[in-house]
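Trainee: Sharing a sequence plus its predicted fold:
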Amino acid sequence: MKLLEYFKDFQDDTVNLNETRLTLLNERVEAITDFLRDSDAFGGNFLDVIPQGSYAHKTIIKPVQDHHEFDADVLLYLEEFDDWDPADYVENLYGCFRASGIYRDNVSRRTRCVTINYAGDFHVDVVPYLERHGEKYITNRHEDNFELTNPEGYNAWLDGQNRIAGRHLANAIRLVKYLRDYKGTFGVKSIILNVLLGQQVNEAALLQDSNCYDDVPTTLRTLMNRLSDYVDENHDLPVIEDPSGTGESFSDRWDQEGYANFRSWIMHYAKKIEDAYTEEDRDESLRKWRVVFGDKFKKSAASASVSSSLVRAGSSLPAVYQKTEQNLADFGILTRVQPKYAFRISGYVLRNGVMGAYYLKDRGNRVRKGRSIRFQIDSCGVPSPYAIYWKVLNRGDEAISNDSIRGEIEQGDRVWHIEEPTSFPGPHYVECYIIKDGICVARDRQDVIIL
(Lines give C-alpha, C1' and ligand atoms only; values in the text may rest on other atoms or scores of the structure.)
Protein backbone atom coordinates (compact mmCIF):
# COMPACT_ATOMS: atom_id res chain seq x y z
CA MET A 1 0.00 0.00 0.00
CA LYS A 2 1.07 3.56 -0.57
CA LEU A 3 0.39 4.78 3.00
CA LEU A 4 0.59 8.39 1.79
CA GLU A 5 -0.04 9.90 5.21
CA TYR A 6 2.83 7.90 6.67
CA PHE A 7 5.19 9.02 3.93
CA LYS A 8 4.25 12.67 4.42
CA ASP A 9 4.82 12.58 8.18
CA PHE A 10 7.98 10.50 7.86
CA GLN A 11 9.44 13.03 5.46
CA ASP A 12 8.31 16.03 7.50
CA ASP A 13 9.45 14.66 10.86
CA THR A 14 12.51 12.56 10.02
CA VAL A 15 13.88 12.98 6.49
CA ASN A 16 13.48 16.58 5.39
CA LEU A 17 15.56 19.37 6.83
CA ASN A 18 13.22 21.33 9.08
CA GLU A 19 12.07 24.81 8.04
CA THR A 20 13.90 26.55 10.89
CA ARG A 21 17.26 25.21 9.78
CA LEU A 22 16.52 25.96 6.13
CA THR A 23 15.64 29.53 7.04
CA LEU A 24 18.85 29.87 9.04
CA LEU A 25 20.85 28.42 6.14
CA ASN A 26 19.28 30.91 3.72
CA GLU A 27 20.06 33.78 6.10
CA ARG A 28 23.70 32.68 6.38
CA VAL A 29 24.05 32.41 2.59
CA GLU A 30 22.52 35.87 2.19
CA ALA A 31 25.00 37.25 4.72
CA ILE A 32 27.89 35.64 2.84
CA THR A 33 26.53 37.08 -0.41
CA ASP A 34 26.33 40.60 1.02
CA PHE A 35 29.81 40.29 2.54
CA LEU A 36 31.45 39.22 -0.72
CA ARG A 37 29.54 41.70 -2.87
CA ASP A 38 30.65 44.56 -0.62
CA SER A 39 34.24 43.37 -0.11
CA ASP A 40 37.21 45.23 -1.56
CA ALA A 41 38.78 41.99 -2.78
CA PHE A 42 35.82 40.64 -4.76
CA GLY A 43 33.21 43.40 -5.01
CA GLY A 44 34.51 44.74 -8.32
CA ASN A 45 34.27 41.33 -10.00
CA PHE A 46 31.25 39.99 -8.11
CA LEU A 47 28.37 38.72 -10.24
CA ASP A 48 26.28 36.50 -7.97
CA VAL A 49 26.19 33.68 -5.43
CA ILE A 50 24.48 30.62 -6.90
CA PRO A 51 23.11 27.65 -4.89
CA GLN A 52 24.57 24.35 -5.99
CA GLY A 53 24.29 20.66 -5.17
CA SER A 54 21.65 19.46 -2.72
CA TYR A 55 21.02 23.06 -1.64
CA ALA A 56 19.93 24.02 -5.16
CA HIS A 57 18.05 20.78 -5.79
CA LYS A 58 16.20 20.78 -2.45
CA THR A 59 17.56 17.33 -1.64
CA ILE A 60 19.29 18.16 1.67
CA ILE A 61 18.18 15.74 4.37
CA LYS A 62 18.21 16.03 8.12
CA PRO A 63 21.36 14.38 9.54
CA VAL A 64 20.52 10.85 10.67
CA GLN A 65 22.71 11.27 13.76
CA ASP A 66 22.17 14.32 15.95
CA HIS A 67 25.90 15.06 16.10
CA HIS A 68 26.28 15.02 12.31
CA GLU A 69 26.37 18.21 10.22
CA PHE A 70 24.72 18.96 6.91
CA ASP A 71 26.37 21.05 4.25
CA ALA A 72 25.42 23.44 1.48
CA ASP A 73 27.39 24.36 -1.63
CA VAL A 74 27.30 27.78 -3.28
CA LEU A 75 29.16 29.14 -6.28
CA LEU A 76 30.82 32.54 -6.09
CA TYR A 77 30.20 33.70 -9.66
CA LEU A 78 32.94 36.13 -10.68
CA GLU A 79 34.30 37.98 -13.63
CA GLU A 80 37.81 36.69 -14.28
CA PHE A 81 40.68 38.55 -12.62
CA ASP A 82 43.24 39.26 -15.35
CA ASP A 83 46.28 38.96 -13.08
CA TRP A 84 45.20 35.96 -10.98
CA ASP A 85 46.35 32.38 -11.43
CA PRO A 86 43.79 29.60 -10.78
CA ALA A 87 45.19 28.91 -7.29
CA ASP A 88 44.75 32.57 -6.34
CA TYR A 89 40.94 32.37 -6.30
CA VAL A 90 40.61 30.02 -3.34
CA GLU A 91 43.63 31.51 -1.56
CA ASN A 92 42.35 35.08 -1.88
CA LEU A 93 38.82 34.06 -0.95
CA TYR A 94 40.20 32.41 2.16
CA GLY A 95 42.19 35.55 2.93
CA CYS A 96 39.10 37.71 2.48
CA PHE A 97 37.15 35.70 5.07
CA ARG A 98 40.16 35.51 7.41
CA ALA A 99 40.39 39.30 7.40
CA SER A 100 36.84 39.55 8.73
CA GLY A 101 36.08 39.53 12.44
CA ILE A 102 32.84 37.70 11.68
CA TYR A 103 34.32 34.76 9.76
CA ARG A 104 37.96 34.62 10.91
CA ASP A 105 37.59 31.76 13.39
CA ASN A 106 35.12 29.73 11.32
CA VAL A 107 36.85 29.51 7.94
CA SER A 108 39.02 26.83 6.36
CA ARG A 109 40.08 26.07 2.80
CA ARG A 110 40.01 22.97 0.65
CA THR A 111 41.14 22.16 -2.86
CA ARG A 112 38.32 23.94 -4.70
CA CYS A 113 36.45 25.87 -2.04
CA VAL A 114 36.47 27.80 1.19
CA THR A 115 34.36 26.40 4.03
CA ILE A 116 32.44 28.44 6.60
CA ASN A 117 31.49 26.42 9.69
CA TYR A 118 28.48 27.26 11.84
CA ALA A 119 28.59 25.92 15.40
CA GLY A 120 28.66 22.22 14.53
CA ASP A 121 25.23 22.42 12.84
CA PHE A 122 26.16 22.92 9.19
CA HIS A 123 28.83 24.35 6.94
CA VAL A 124 28.76 26.26 3.67
CA ASP A 125 31.29 25.54 0.93
CA VAL A 126 31.95 28.62 -1.23
CA VAL A 127 33.37 27.66 -4.64
CA PRO A 128 34.92 30.30 -6.96
CA TYR A 129 33.24 30.03 -10.37
CA LEU A 130 33.93 32.00 -13.54
CA GLU A 131 33.51 32.12 -17.29
CA ARG A 132 36.46 32.00 -19.65
CA HIS A 133 36.25 31.94 -23.43
CA GLY A 134 32.58 30.99 -23.36
CA GLU A 135 33.01 28.07 -20.90
CA LYS A 136 32.42 27.84 -17.13
CA TYR A 137 35.15 26.79 -14.70
CA ILE A 138 35.89 26.22 -11.04
CA THR A 139 39.45 26.49 -9.74
CA ASN A 140 41.84 23.99 -8.18
CA ARG A 141 44.39 25.54 -5.84
CA HIS A 142 46.52 22.41 -5.50
CA GLU A 143 46.84 21.73 -9.22
CA ASP A 144 46.71 25.48 -10.01
CA ASN A 145 44.36 24.93 -12.93
CA PHE A 146 40.84 25.65 -14.16
CA GLU A 147 38.37 22.74 -14.21
CA LEU A 148 35.58 22.73 -16.76
CA THR A 149 32.12 22.53 -15.24
CA ASN A 150 28.49 23.35 -15.96
CA PRO A 151 26.61 23.43 -12.65
CA GLU A 152 23.82 25.60 -14.03
CA GLY A 153 23.25 23.07 -16.79
CA TYR A 154 23.17 20.30 -14.20
CA ASN A 155 20.64 22.28 -12.12
CA ALA A 156 18.46 22.74 -15.19
CA TRP A 157 18.66 19.03 -16.07
CA LEU A 158 17.63 17.87 -12.60
CA ASP A 159 14.84 20.46 -12.49
CA GLY A 160 13.54 19.14 -15.80
CA GLN A 161 13.63 15.53 -14.57
CA ASN A 162 11.84 16.59 -11.39
CA ARG A 163 9.06 18.18 -13.45
CA ILE A 164 8.60 15.05 -15.55
CA ALA A 165 8.27 13.05 -12.31
CA GLY A 166 5.48 15.28 -11.04
CA ARG A 167 7.94 17.06 -8.75
CA HIS A 168 8.41 13.85 -6.77
CA LEU A 169 11.99 13.11 -7.90
CA ALA A 170 13.50 15.36 -5.22
CA ASN A 171 11.40 13.59 -2.58
CA ALA A 172 12.52 10.18 -3.84
CA ILE A 173 16.16 11.27 -3.81
CA ARG A 174 15.84 12.42 -0.20
CA LEU A 175 14.30 9.09 0.78
CA VAL A 176 17.10 7.08 -0.86
CA LYS A 177 19.72 9.36 0.72
CA TYR A 178 18.08 8.69 4.09
CA LEU A 179 18.09 4.95 3.34
CA ARG A 180 21.81 5.17 2.53
CA ASP A 181 22.66 7.07 5.73
CA TYR A 182 20.28 5.18 8.02
CA LYS A 183 21.16 1.67 6.90
CA GLY A 184 24.83 2.30 6.21
CA THR A 185 24.89 -0.75 3.96
CA PHE A 186 26.08 1.05 0.84
CA GLY A 187 27.96 4.21 0.06
CA VAL A 188 27.63 6.52 -2.92
CA LYS A 189 28.32 10.20 -3.41
CA SER A 190 25.13 12.25 -3.53
CA ILE A 191 25.82 13.66 -6.99
CA ILE A 192 26.17 10.13 -8.41
CA LEU A 193 23.00 8.99 -6.64
CA ASN A 194 21.14 12.02 -8.02
CA VAL A 195 22.27 11.23 -11.56
CA LEU A 196 21.49 7.52 -11.33
CA LEU A 197 17.98 8.18 -9.98
CA GLY A 198 17.38 11.15 -12.28
CA GLN A 199 18.32 9.07 -15.33
CA GLN A 200 15.52 6.64 -14.51
CA VAL A 201 12.95 9.40 -15.14
CA ASN A 202 11.66 9.79 -18.67
CA GLU A 203 8.51 10.80 -20.48
CA ALA A 204 8.33 7.44 -22.26
CA ALA A 205 7.52 5.83 -18.91
CA LEU A 206 4.51 8.13 -18.63
CA LEU A 207 3.25 7.01 -22.02
CA GLN A 208 3.46 3.40 -20.83
CA ASP A 209 1.94 4.14 -17.41
CA SER A 210 0.50 7.61 -16.85
CA ASN A 211 0.34 6.94 -13.08
CA CYS A 212 3.99 5.97 -12.54
CA TYR A 213 4.86 9.34 -10.94
CA ASP A 214 1.52 10.00 -9.25
CA ASP A 215 2.88 10.46 -5.72
CA VAL A 216 6.00 9.97 -3.59
CA PRO A 217 5.79 6.21 -2.85
CA THR A 218 4.79 5.44 -6.45
CA THR A 219 7.69 7.50 -7.79
CA LEU A 220 10.07 5.84 -5.33
CA ARG A 221 8.87 2.41 -6.44
CA THR A 222 9.17 3.31 -10.14
CA LEU A 223 12.68 4.72 -9.82
CA MET A 224 14.03 1.96 -7.60
CA ASN A 225 12.67 -0.74 -9.90
CA ARG A 226 14.19 0.96 -12.94
CA LEU A 227 17.49 1.54 -11.13
CA SER A 228 17.52 -2.11 -10.02
CA ASP A 229 17.06 -3.21 -13.63
CA TYR A 230 19.84 -0.83 -14.72
CA VAL A 231 22.44 -2.06 -12.23
CA ASP A 232 21.37 -5.68 -12.81
CA GLU A 233 22.32 -5.21 -16.47
CA ASN A 234 25.63 -3.56 -15.55
CA HIS A 235 27.84 -5.90 -13.53
CA ASP A 236 30.82 -3.58 -13.95
CA LEU A 237 30.93 0.07 -12.98
CA PRO A 238 29.25 1.89 -15.90
CA VAL A 239 30.23 5.24 -17.34
CA ILE A 240 28.12 7.81 -15.48
CA GLU A 241 28.28 10.90 -17.62
CA ASP A 242 27.66 14.42 -16.36
CA PRO A 243 24.17 15.15 -17.75
CA SER A 244 25.06 18.83 -18.19
CA GLY A 245 27.23 17.90 -21.17
CA THR A 246 30.72 18.71 -19.91
CA GLY A 247 31.98 15.30 -21.01
CA GLU A 248 33.05 14.54 -17.43
CA SER A 249 32.45 11.05 -16.07
CA PHE A 250 31.34 10.80 -12.46
CA SER A 251 32.52 7.18 -12.51
CA ASP A 252 35.99 8.52 -11.67
CA ARG A 253 34.65 9.29 -8.18
CA TRP A 254 33.75 5.63 -7.52
CA ASP A 255 35.41 2.21 -7.79
CA GLN A 256 34.29 -1.28 -8.79
CA GLU A 257 34.16 -2.57 -5.22
CA GLY A 258 31.93 0.26 -4.04
CA TYR A 259 29.71 -0.03 -7.10
CA ALA A 260 29.33 -3.81 -6.72
CA ASN A 261 28.16 -3.35 -3.13
CA PHE A 262 25.78 -0.57 -4.20
CA ARG A 263 24.44 -2.77 -7.01
CA SER A 264 23.68 -5.63 -4.63
CA TRP A 265 21.89 -3.49 -2.06
CA ILE A 266 19.87 -1.46 -4.59
CA MET A 267 18.43 -4.68 -6.01
CA HIS A 268 17.73 -5.85 -2.45
CA TYR A 269 15.93 -2.66 -1.37
CA ALA A 270 14.02 -2.38 -4.65
CA LYS A 271 12.47 -5.80 -3.93
CA LYS A 272 11.62 -4.75 -0.37
CA ILE A 273 9.98 -1.53 -1.60
CA GLU A 274 8.02 -3.41 -4.26
CA ASP A 275 6.85 -5.88 -1.62
CA ALA A 276 5.70 -3.11 0.75
CA TYR A 277 4.01 -1.15 -2.03
CA THR A 278 2.03 -4.07 -3.43
CA GLU A 279 1.05 -5.49 -0.02
CA GLU A 280 -2.75 -5.13 0.30
CA ASP A 281 -3.02 -5.57 4.05
CA ARG A 282 -2.48 -2.19 5.70
CA ASP A 283 -0.78 -3.42 8.87
CA GLU A 284 1.45 -5.81 6.95
CA SER A 285 2.35 -3.09 4.46
CA LEU A 286 3.32 -0.80 7.32
CA ARG A 287 5.51 -3.51 8.78
CA LYS A 288 7.23 -3.99 5.44
CA TRP A 289 7.82 -0.27 4.93
CA ARG A 290 9.42 -0.20 8.39
CA VAL A 291 11.77 -2.97 7.31
CA VAL A 292 13.03 -0.48 4.73
CA PHE A 293 12.95 2.79 6.67
CA GLY A 294 12.87 1.79 10.33
CA ASP A 295 10.48 2.48 13.21
CA LYS A 296 10.46 6.25 12.53
CA PHE A 297 8.26 5.53 9.53
CA LYS A 298 5.04 6.51 11.29
CA LYS A 299 2.34 9.12 11.48
CA SER A 300 2.97 12.09 13.73
CA ALA A 301 0.63 12.81 16.62
CA ALA A 302 -0.32 16.12 15.05
CA SER A 303 -1.67 14.49 11.89
CA ALA A 304 -3.96 12.17 13.81
CA SER A 305 -6.55 14.93 14.20
CA VAL A 306 -7.95 17.29 11.61
CA SER A 307 -6.91 20.91 12.17
CA SER A 308 -9.75 23.37 12.71
CA SER A 309 -8.00 25.75 10.31
CA LEU A 310 -8.88 23.50 7.36
CA VAL A 311 -12.17 24.86 6.15
CA ARG A 312 -12.44 23.44 2.64
CA ALA A 313 -13.48 19.81 2.42
CA GLY A 314 -10.56 17.67 1.38
CA SER A 315 -8.10 20.59 1.60
CA SER A 316 -4.79 20.47 3.43
CA LEU A 317 -4.23 24.22 3.18
CA PRO A 318 -4.69 26.58 6.15
CA ALA A 319 -7.69 28.89 5.83
CA VAL A 320 -5.49 31.95 5.31
CA TYR A 321 -4.24 30.45 2.03
CA GLN A 322 -7.74 29.53 0.87
CA LYS A 323 -8.91 33.14 0.91
CA THR A 324 -8.22 33.73 -2.77
CA GLU A 325 -6.80 30.49 -4.16
CA GLN A 326 -8.74 28.97 -6.99
CA ASN A 327 -8.56 25.57 -8.65
CA LEU A 328 -9.66 24.47 -12.09
CA ALA A 329 -12.49 22.49 -10.53
CA ASP A 330 -13.94 25.81 -9.32
CA PHE A 331 -14.60 26.59 -12.99
CA GLY A 332 -15.98 23.16 -13.76
CA ILE A 333 -12.81 22.24 -15.65
CA LEU A 334 -11.68 18.62 -15.48
CA THR A 335 -7.96 17.78 -15.41
CA ARG A 336 -6.87 15.01 -17.74
CA VAL A 337 -3.22 15.69 -18.47
CA GLN A 338 -2.00 13.97 -21.63
CA PRO A 339 1.74 13.07 -21.44
CA LYS A 340 1.88 13.04 -25.25
CA TYR A 341 1.49 16.83 -25.23
CA ALA A 342 4.94 18.15 -24.32
CA PHE A 343 4.43 21.35 -22.35
CA ARG A 344 6.95 23.41 -20.44
CA ILE A 345 7.08 26.88 -18.90
CA SER A 346 10.08 28.70 -17.46
CA GLY A 347 10.87 31.70 -15.30
CA TYR A 348 13.42 34.17 -16.67
CA VAL A 349 14.84 36.70 -14.21
CA LEU A 350 15.29 39.99 -16.08
CA ARG A 351 18.47 42.04 -15.95
CA ASN A 352 18.55 44.70 -13.25
CA GLY A 353 21.50 47.07 -13.57
CA VAL A 354 24.68 45.07 -13.04
CA MET A 355 22.66 42.03 -11.94
CA GLY A 356 22.49 39.75 -14.96
CA ALA A 357 19.53 37.86 -16.36
CA TYR A 358 19.16 34.10 -15.86
CA TYR A 359 16.67 31.24 -15.92
CA LEU A 360 15.37 30.24 -12.50
CA LYS A 361 15.95 26.54 -13.24
CA ASP A 362 19.69 27.25 -13.59
CA ARG A 363 19.94 28.70 -10.07
CA GLY A 364 17.83 26.33 -7.98
CA ASN A 365 14.71 28.46 -8.68
CA ARG A 366 16.05 31.12 -6.33
CA VAL A 367 15.92 34.88 -6.76
CA ARG A 368 16.38 37.88 -4.53
CA LYS A 369 13.76 40.50 -3.74
CA GLY A 370 13.48 43.48 -6.03
CA ARG A 371 13.82 41.61 -9.33
CA SER A 372 11.32 40.98 -12.11
CA ILE A 373 10.58 37.59 -13.68
CA ARG A 374 9.06 36.82 -17.06
CA PHE A 375 7.15 33.53 -17.00
CA GLN A 376 6.83 32.16 -20.49
CA ILE A 377 5.69 29.09 -22.39
CA ASP A 378 8.77 27.44 -23.88
CA SER A 379 7.04 24.57 -25.65
CA CYS A 380 3.48 23.43 -26.21
CA GLY A 381 2.54 20.35 -28.19
CA VAL A 382 -1.22 20.78 -27.83
CA PRO A 383 -2.91 21.29 -31.21
CA SER A 384 -4.97 24.46 -31.61
CA PRO A 385 -7.43 25.70 -30.63
CA TYR A 386 -6.95 25.96 -26.86
CA ALA A 387 -7.02 28.53 -24.05
CA ILE A 388 -4.17 29.43 -21.68
CA TYR A 389 -4.80 29.96 -17.96
CA TRP A 390 -2.26 31.26 -15.43
CA LYS A 391 -2.09 31.17 -11.63
CA VAL A 392 0.36 33.06 -9.39
CA LEU A 393 0.46 31.91 -5.76
CA ASN A 394 2.47 33.46 -2.92
CA ARG A 395 3.48 32.00 0.43
CA GLY A 396 5.15 33.35 3.57
CA ASP A 397 4.50 35.82 6.37
CA GLU A 398 5.13 38.98 4.32
CA ALA A 399 2.69 37.90 1.62
CA ILE A 400 0.08 37.20 4.31
CA SER A 401 0.60 40.51 6.12
CA ASN A 402 0.34 42.39 2.81
CA ASP A 403 -2.81 40.49 1.85
CA SER A 404 -1.03 39.21 -1.25
CA ILE A 405 -1.55 35.46 -1.15
CA ARG A 406 -3.21 35.64 -4.57
CA GLY A 407 -3.85 32.28 -6.23
CA GLU A 408 -6.56 33.39 -8.63
CA ILE A 409 -6.72 31.62 -11.99
CA GLU A 410 -6.76 34.03 -14.87
CA GLN A 411 -7.62 33.21 -18.46
CA GLY A 412 -5.10 34.67 -20.87
CA ASP A 413 -6.53 33.16 -24.05
CA ARG A 414 -3.30 33.25 -26.10
CA VAL A 415 -1.10 35.08 -23.57
CA TRP A 416 2.21 33.21 -23.81
CA HIS A 417 3.98 35.10 -21.03
CA ILE A 418 3.34 37.16 -17.93
CA GLU A 419 5.68 39.31 -15.84
CA GLU A 420 5.82 39.47 -12.05
CA PRO A 421 7.95 41.30 -9.43
CA THR A 422 9.73 39.45 -6.60
CA SER A 423 8.20 41.24 -3.64
CA PHE A 424 7.88 38.81 -0.74
CA PRO A 425 10.37 36.26 0.64
CA GLY A 426 9.18 32.68 0.65
CA PRO A 427 8.39 29.70 -1.56
CA HIS A 428 5.98 30.71 -4.32
CA TYR A 429 4.96 29.27 -7.67
CA VAL A 430 3.39 30.07 -11.01
CA GLU A 431 1.28 27.50 -12.85
CA CYS A 432 0.10 27.47 -16.42
CA TYR A 433 -2.75 25.36 -17.81
CA ILE A 434 -3.72 24.49 -21.37
CA ILE A 435 -7.49 24.10 -21.67
CA LYS A 436 -8.86 22.29 -24.71
CA ASP A 437 -12.55 21.52 -25.14
CA GLY A 438 -13.14 22.43 -21.50
CA ILE A 439 -10.49 20.01 -20.18
CA CYS A 440 -7.01 20.72 -18.84
CA VAL A 441 -4.80 18.54 -21.05
CA ALA A 442 -1.41 20.04 -20.07
CA ARG A 443 -0.02 21.91 -17.09
CA ASP A 444 3.34 22.94 -15.69
CA ARG A 445 4.65 24.75 -12.64
CA GLN A 446 7.60 27.07 -12.09
CA ASP A 447 8.72 27.22 -8.47
CA VAL A 448 10.05 30.54 -7.21
CA ILE A 449 12.03 30.84 -3.98
CA ILE A 450 12.45 34.52 -3.09
CA LEU A 451 15.24 35.30 -0.62
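Mentor: Now that the structure is in, tell me what you want to look at. Only a predicted model underlies this, so the values are computations on that prediction, with no experimental measurement involved.

Trainee: From now on I want contacts and neighbour counts done on CA atoms only, so please keep to that.
Mentor: Noted.

Trainee: Worst mean pLDDT across the helices and strands of this structure, which element?
Mentor: Ranking every helix and strand in the chain by mean pLDDT, DSSP states H and E puts strand 406-413 at the bottom, with a mean of 85.

Trainee: That one pairs with which strands, parallel or anti?
Mentor: Strand 406-413 has the following strand partners under DSSP bridges: strand 387-393 (antiparallel).

Trainee: What segments of the stretch 301-450 of the chain are helices?
Mentor: For the stretch 301-450 of the chain, the helices defined by DSSP state H, counting those that start in this stretch occupy 397-401.

Trainee: Name the spans of it whose pLDDT lies under the cut-off.
Mentor: Counting by pLDDT under 70, the stretch 301-450 of the chain contains low-confidence ranges at 302-323, 354, 412-413.

Trainee: Need the contact partners of stretch 337-353.
Mentor: 203, 206-207, 210, 356-361, 367, 371-382, 432, 440-446 (C-alpha atoms under 8 Å, 6 or more residues apart in numbering).

Trainee: Ends of that stretch, what's the gap?
Mentor: In stretch 337-353, first residue to last residue: 40 Å (C-alpha to C-alpha, to the nearest Å).

Trainee: which of the contacts of stretch 337-353 are buried?
Mentor: Neighbour counting with 16 or more other C-alpha atoms under 10 Å marks 206, 358-361, 367, 371-377, 382, 432, 440-446 as buried within those.

Trainee: before we move on, back to that, tell me which of the contacts of stretch 337-353 fall in strands.
Mentor: Judged by DSSP state E, the subset of the contacts of stretch 337-353 located in strands is 358-359, 367, 372-380, 432, 440-446.

Trainee: quick one, what contacts the residue nearest to residue 345 when sequence neighbours are not counted?
Mentor: With sequence-adjacent residues excluded and distances taken as C-alpha to C-alpha, 6 or more residues apart in numbering, residue 345 is closest to residue 377, at 4.4 Å. Counting by C-alpha under 8 Å, 6+ apart, residue 377 makes contact with 343, 344, 345, 346, 416, 417.

Trainee: of the residues you listed, buried ones?
Mentor: Buried members of these, counted by 16+ other C-alpha under 10 Å: 343, 344, 345, 346, 417.

Trainee: tell me the SS of residue 156?
Mentor: With DSSP: H, G, I helix; E, B strand; the rest coil as the basis, residue 156 sits in helix.

Trainee: scratch that, residue 245
Mentor: With three-state DSSP as the criterion, residue 245 reads coil.

Trainee: that older thread, any idea which of the contacts of residue 377 is closest to residue 151?
Mentor: Residue 151 lies nearest to residue 346 out of those, by C-alpha to C-alpha, at 18.0 Å.

Trainee: Distance check, that closest one against residue 83.
Mentor: Distance, residue 346 to residue 83, using C-alpha to C-alpha: 38 Å.

Trainee: Centre of the chain to stretch 27-34, how far?
Mentor: How far stretch 27-34 lies from its chain's middle: 20 Å, per C-alpha atoms, centre = their mean, to the nearest Å.

Trainee: Please look at residue 429 and residue 393 and confirm they touch.
Mentor: Yes - checked against C-alpha atoms under 8 Å, the pair residue 429 and residue 393 is within contact range at 5.6 Å.

Trainee: any chance you could map the strands in the stretch 201-350 of the chain?
Mentor: 334-335, 343-349 (DSSP state E, counting those that start in this stretch).

Trainee: which helices and strands does the shortest one pack with?
Mentor: When you say that, I think you mean strand 334-335. Strand 334-335 sits against strand 439-450, with contacts defined as 3 or more C-alpha pairs under 8 Å, 6 or more residues apart in numbering; DSSP states H and E.

Trainee: now with 10 Å?
Mentor: With contacts defined as 3 or more C-alpha pairs under 10 Å, 6 or more residues apart in numbering; DSSP states H and E, the packing partners of strand 334-335 are strand 426-436, strand 439-450.

Trainee: in its sheet, what does it sit against?
Mentor: strand 439-450 (parallel).

Trainee: quick one on the thing from earlier: closest to residue 142 out of the strands of the stretch 201-350 of the chain?
Mentor: Of all the strands of the stretch 201-350 of the chain, strand 343-349 sits nearest to residue 142, with 35.8 Å by C-alpha to C-alpha.

Trainee: for the stretch 51-200 of the chain, what spans make up the helices?
Mentor: Here the stretch 51-200 of the chain has its helices, by DSSP H, counting those that start in this stretch, at 53-57, 86-98, 151-164, 169-183, 190-198.
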